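Chemist: Sequence below, structure please.
(one chain, ligands or ions: 1)
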Amino acid sequence: MRKIIIGNWKMNPKTTEEAKKLFRKASEIKTKKSEIIIAPPFIYLPLLKSRKIKLAAQDVFYKQEDAYTGEISPAMLKSLGVNYALVGHSERRMEIGEDDELINKKVKAGLKAGLKIILAVGEKQRDGEEFWKFLKNQIKSDLRGVQKKLAKNLIIAYEPVWAIGTKKPIYPGDLLETAIFIRRTLLDIFGRKIALTVKILYGGSVEPENAREFLETEGISGLLVGNASLDAEKFKKIIKETDK
Ligand code: 13P
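Modeler: You can find the predicted model right below:
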C-alpha cells in the first residue's frame, strides 16, 4: 500500500515564483511507494500543475455558492481539479476560532461534493488521561452525521497540537496507542468494515530523521508535514523514507 505524504505549506511561501519553484522540486521527486499531495495557499492552486502530485486545499467552505465573502466552495475546488481539502487544522481551530460544529459542516459538505477530506484532529496537551476523552469527543463531533458510504473519502490526520512546530514529535509507542484509539473511535461511528478503510496519518514535527519510525507504525498510512515540506531537500528525504 502506498503511503500518503502531504506537504502542508500553511501561509508560505511569500511569492508565486517561490511557490512554483518549490512545487517543481517536489514534482521531480521519484517515488514508487508514496502518493505526494501538496496543500498550498488557495491562490497558488491554479498555478501548480503536475501529473505526479495531487493538490489539496488547506480549507473549504460548507456552501456550494451564494453570498459568502471570502469563502471557497467545494465545487470551486473540484472545477479546478483539486480533489482534496484539509479541514479542522489546529491553527484554524485556535487562531481563527473554528469549532467542531463548523468543522462538521465543512466535512459533510466537502464529502458530499465528492472531495476527499483530510480531517485534522489532536489534543492540546498529553498529560493525565483526560486527553483521550477530548480526542474521542472531537472526532465524534467532527464526524457527526457523516454518511457511511462517504467515509471512504475520509482521511484522519492525527496532529497533536503540542507537537506542531515544536521539534517535539510524539513517541512512536504513543502514536501506535493513539492510532488504535482513533480506529476504535471510528469503529463506534461507522462500524467495523468502514472504520478499517479510513486512513490515519500522523503530523507534528516530522523530519527526515524521524519520518521512518512513524511510517513504520502499525495503522499509520502516511504523514502530514508542515515546516519540512518548505525545504525541498528535507521533503525529498522524507518521501525517500517510504521507498526504503
Ligand atoms: P510541522 O511539521 O511544522 O510541525 O507542522 C505540522 C502541521 O501542522 C502539518 O499540518
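
Chemist: which residues in this structure form strands?
Modeler: In chain order, the chain shows strands spanning 3-8, 34-39, 54-57, 84-87, 116-121, 154-158, 199-203, 222-225, with DSSP state E as the criterion.

Chemist: Up against the ligand, what does the protein have?
Modeler: Contact residues, the chain versus the ligand (Cβ under 6 Å from any ligand atom): 8, 89, 159, 164-165, 203-206, 224-228. Heads up, the C-betas are built off the backbone N, CA and C, glycines and all.

Chemist: Which among those count as buried?
Modeler: 8, 89, 159, 164, 203-206, 224-228 (16 or more other Cβ atoms under 10 Å).

Chemist: could I get the residues of the chain next to the ligand as a markdown table with pLDDT?
Modeler: What follows is the residues of the chain next to the ligand, written out as a markdown table (pLDDT from 0 to 100):
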| residue | pLDDT |
| --- | --- |
| Asn8 | 98 |
| His89 | 98 |
| Glu159 | 98 |
| Ile164 | 98 |
| Gly165 | 98 |
| Gly203 | 98 |
| Gly204 | 98 |
| Ser205 | 98 |
| Val206 | 98 |
| Leu224 | 98 |
| Val225 | 98 |
| Gly226 | 98 |
| Asn227 | 98 |
| Ala228 | 98 |
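
Chemist: ok, so of those residues, who is nearest the ligand?
Modeler: Nearest to the ligand out of the residues of the chain next to the ligand is Gly226 (Cβ to the nearest ligand atom; 2.2 Å).

Chemist: Could you measure from that closest one over to Glu129?
Modeler: Distance, Gly226 to Glu129, by Cβ to Cβ, to the nearest Å: 28 Å.
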